[in-house]
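Asks: I'll drop the sequence and a predicted model, then ask my questions.
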Amino acid sequence: MKNTDINKDDIFELLNYAEIDNNYNEDFQLDKLTYKRIEKKMKKKLYAKRRKLKYFVSAIMFMCLVIATVNNTAFANAIGAPIFEKLMILRSGNYVDLDKYTQNVYSYADDQGVRFAVNKVISDDNEIMLSYIVIGDKNKEEAKGIVSANFSINGEDIEQNQISSGGSDEILEQGVFELKSENGNFLDSFELNVDVASIGDLKGSWKLNLMIDKKQASKDTKEYNINKDMDIGEDKINIKKIITSPLSTDIEITDTLDGKYRYFIFDDKGNMIKYTGLSSYSNSEVSYEKLKYCSLISKETKELTFLPYEEVNEVGDPLTYDISRLPLEIPQGNSGKLVINRLEWNKDNLNIYYTADGEVPLIQAENMYLLDNQNRKVFGQSVGSDESNQHDFMMNFKGVSQNTQYKICMRKIEDMYKLHENYKFTIDLK
């Protein structure tokens with residue numbers, strides 16, 4: 001057996017080469033979980049086979065770096081941040097400085113040898129988005145999957161939606177929670193209670209109390225009192241209010257149609273503002289709705305155009321195409337067309353690059369899936385370059401094989417939505 005002992009004097013000599021940051025925090029404490037993770041890494045670094053002096057210097061400096069930064073907020077927030085940043089870029093306009101509204105936190109709870117940590121939070125009047133990571137040295141296989149959590153403010157539960165991107169070697173899971181308020185606006189400062197009961201198949205208890213500050217987003221929120229009646233055929237609706245924030249656009253409507261219509265909206269440059277959901281309630285005479293969209297692409301937007309539509313319940317046969325020869329043009333009736341430009345394979349991942357040409361390109365871009373040779377559906381995730389380029393897209397399909405012959409399938413826009421071009425109207429933002 002080779003001698004793997006390291007001379008203590010050699011280590012102290014090597015430390016002479018390390019540069020020390022004089023701005024370190026003398027009071028910080030290294031928790032057990034982080035200590036064990038550092039110890040495990042150091043064993044891999046220091047007790048493999050002996051190497052030359054410069055490699056020992058790298059190992060010692062690695063230890064100094066980890067110990068110096070493990071409780072550093074900037075370091076912690078870099079972990080698992082890409083999914084949060086990617087999602088926020090897709091949700092917010094190109095004028096939005098995300099750092100201006102984002103709180104960098106590192107609040108965590110440990111249980112069952114696993115840590116649940118929140119590292120970034122962003123909020124406006126009605127919505128909170130927070131990114132999380134799951135790390136740990138124990139129960140690794142169990143702690144992979146959906147995070148089951150409850151969120152509340154002053155004892156009132158908050159509606160949630162979870163977006164997970166899976167893990168990596170260091171991170172068991174990472175993702176983003178979207179939280180929405182239905183009963184009123186969030187205060188400028190408030191406490192959010194997080195209670196995680198399970199992570200994947202691992203049961204436990206991970207509880208956090210987060211102080212949320214949205215004062216900056218509130219300063220940059222604009223409220224337009226419209227109170228304008230609009231005719232949609234023989235029916236009438238009232239556009240009561242439009243609220244724009246750096247993170248979202250809310251449109252308050254009253255009508256007597258019981259939610260018959262929904263609306264695609266466009267700015268004065270023709271860019272489509274993506275719909276994200278609604279909250280509503282009604283009495284015997286009128287329906288009150290708050291329609292939610294992504295933020296405006298430009299803060300200089302002066303007007304919004306509404307295209308009413310109805311959702312169609314009957315689904316026709318999909319259009320099916322061979323993708324062996326490109327470019328491929330796929331007509332979408334009166335709504336326009338898609339052009340498949342190229343395919344890109346990377347092991348079991350397939351990226352399809354395509355162009356959407358039509359009135360509702362963001363909807364057209366999502367309307368695609370694959371069929372394998374056994375007629376099994378494979379769904380992907382559509383990604384645009386940015387919100388101001390609403391024509392060029394890429395859709396990623398995971399878990400596919402180059403040895404399988406796939407076909408592209410599209411649903412006709414007319415099979416999903418009935419567009420009412422003749423009811424289109426425009427509202428001034430003033």
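Replies: All right, it came through fine.
Asks: what strand or helix carries the closest residue to residue 400 other than its chain neighbours?
Replies: Nearest residue to residue 400 in three dimensions, chain neighbours excluded: residue 350, at 4.9 Å (Cβ to Cβ, 6 or more residues apart in numbering). Just so you know, the C-beta spots here come from the backbone N, C-alpha and C atoms, and that holds for glycine as well. For residue 350, the host element (DSSP states H and E) is strand 349-358.
Asks: relative to that strand, what are the paired strands and their orientations?
Replies: strand 336-346 (antiparallel), strand 389-398 (antiparallel) (DSSP bridges).
Asks: ok, the residue lying closest to residue 430 once chain neighbours are set aside to residue 252 distance?
Replies: Closest residue to residue 430 apart from its sequence neighbours, by Cβ to Cβ, 6+ apart: residue 224 at 7.0 Å. With distances taken as Cβ to Cβ, to the nearest Å, residue 224 is found 10 Å from residue 252.
Asks: now residue 266
Replies: Separation of residue 266 from residue 252 (Cβ to Cβ) stands at 19 Å.
Asks: list the buried ones in stretch 225-240?
Replies: 226, 230, 232, 237-240 (16 or more other Cβ atoms under 10 Å).
Asks: actually stretch 131-147, not the one I wrote
Replies: Residues of stretch 131-147 classed as buried by neighbour count (16+ other Cβ under 10 Å): 131-136, 139-140, 142-145, 147.
Asks: please identify which of these is nearest to residue 107.
Replies: Using Cβ to Cβ, residue 132 is the member of those that lies nearest residue 107, at 9.9 Å.
Asks: which residues pair with the nearest residue to that closest one once chain neighbours are set aside across the strands?
Replies: Leaving aside its chain neighbours, residue 132 sits nearest to residue 118 (5.2 Å; criterion: Cβ to Cβ, 6+ apart). Per DSSP bridges, the residues bridged to residue 118 are residue 107, residue 132.
Asks: surely residue 118 is in contact with residue 103?
Replies: No: judged on Cβ atoms under 8 Å, residue 118 makes no contact with residue 103 at a distance of 9.7 Å.
Asks: the two: which is more packed in?
Replies: Between residue 118 and residue 103, residue 118 has the larger neighbour count (other Cβ atoms under 10 Å), namely 21 against 18.
Asks: OK, contacts around the more buried one?
Replies: The neighbours of residue 118, taking Cβ atoms under 8 Å, 6 or more residues apart in numbering as the test, are 105-108, 130-132, 194, 208, 210.
Asks: for the chain, which segments count as helices?
Replies: 8-15, 32-46, 53-69, 73-78, 81-91, 98-101, 215-219, 361-366, 413-416 (DSSP state H).
Asks: what's the least confident stretch among the ones you listed?
Replies: Mean pLDDT values for those show the minimum at helix 53-69, a mean of 38.
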